[in-house]
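Trainee: Coordinates only, no sequence provided:
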């Protein structure tokens, strides 16, 4: 919110949506326009990174995307997996290393722990775990 208030261009995209956009940007105008907006952002927030395994093609296009953002935009990633677990989900050690090299080069890693924020407010439905 602070980046927006300071006049920065910010894009928020879920990882599954990002992969869809990356795969379809060469064939649909909607995806092209959304990717131009994301790549033109000062801050890109990618939600639920590594929530699902990627095939080699997806890993490659994700690397190309991160490489384009590197040194031109700030990136915030949310993930339920630590970087040490990304290799198995990206499926290629070389691509994983290249992605992590760019992401972690000038970053701050913040690890959160505790109860799920979403479930915390749903105790009336699910009871105590």
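Mentor: Now that the structure is in, tell me what you want to look at. Not measured: the values here are computed from a predicted model. Numbering: from 1, shown residues only.
Trainee: quick one: low-confidence ranges for the protein?
Mentor: Across the chain, residues meeting the criterion (pLDDT under 70) sit at 50-51, 114-129.
Trainee: can you give me the strands for it?
Mentor: Ranges of strands within the chain are 10-14, 43-49, 74-79, based on DSSP state E.
Trainee: Run me through the strand neighbours of the first one, direction for each.
Mentor: So the one you mean is strand 10-14. strand 43-49 (parallel) (DSSP bridges).
Trainee: Out of the strands of the chain, which is closest to residue 113?
Mentor: strand 74-79 (13.6 Å; Cβ to Cβ). No exception for glycine: its C-beta is placed from N, CA and C like everyone else's.
Trainee: Show me what that closest one is packed up against.
Mentor: Helices and strands touching strand 74-79, as assessed by 3 or more Cβ pairs under 8 Å, 6 or more residues apart in numbering; DSSP states H and E, comprise strand 43-49.
Trainee: which outside residues touch the strand it packs on?
Mentor: Contacts to strand 43-49, defined as Cβ atoms under 8 Å, 6 or more residues apart in numbering, come from residues 3, 8-16, 18, 38, 69, 73-81.
Trainee: Now with 7 Å, please.
Mentor: For strand 43-49, contacts defined as Cβ atoms under 7 Å, 6 or more residues apart in numbering pick out 3, 8, 10-15, 18, 38, 69, 73-79.
Trainee: do you know how far the closest residue in space to residue 79 that isn't next to it in sequence is from residue 62?
Mentor: For residue 79, ignoring the flanking residues on the chain, the nearest one in space by Cβ to Cβ, 6 or more residues apart in numbering is residue 49 at 4.3 Å. Counting by Cβ to Cβ, to the nearest Å, the separation of residue 49 from residue 62 is 9 Å.
Trainee: Tell me if I'm right that residue 67 and residue 103 touch.
Mentor: No. Look at residue 67 against residue 103 with Cβ atoms under 7 Å: they stay out of range, at 10.5 Å.
Trainee: could you give the angle of the longest helix along the chain to strand 74-79?
Mentor: Using DSSP state H to define each element, the chain has its longest helix at helix 56-69. Angle of helix 56-69 versus strand 74-79, following axes from the mean of the first three to the mean of the last three Cα atoms, to 10 degrees, is 150 degrees.
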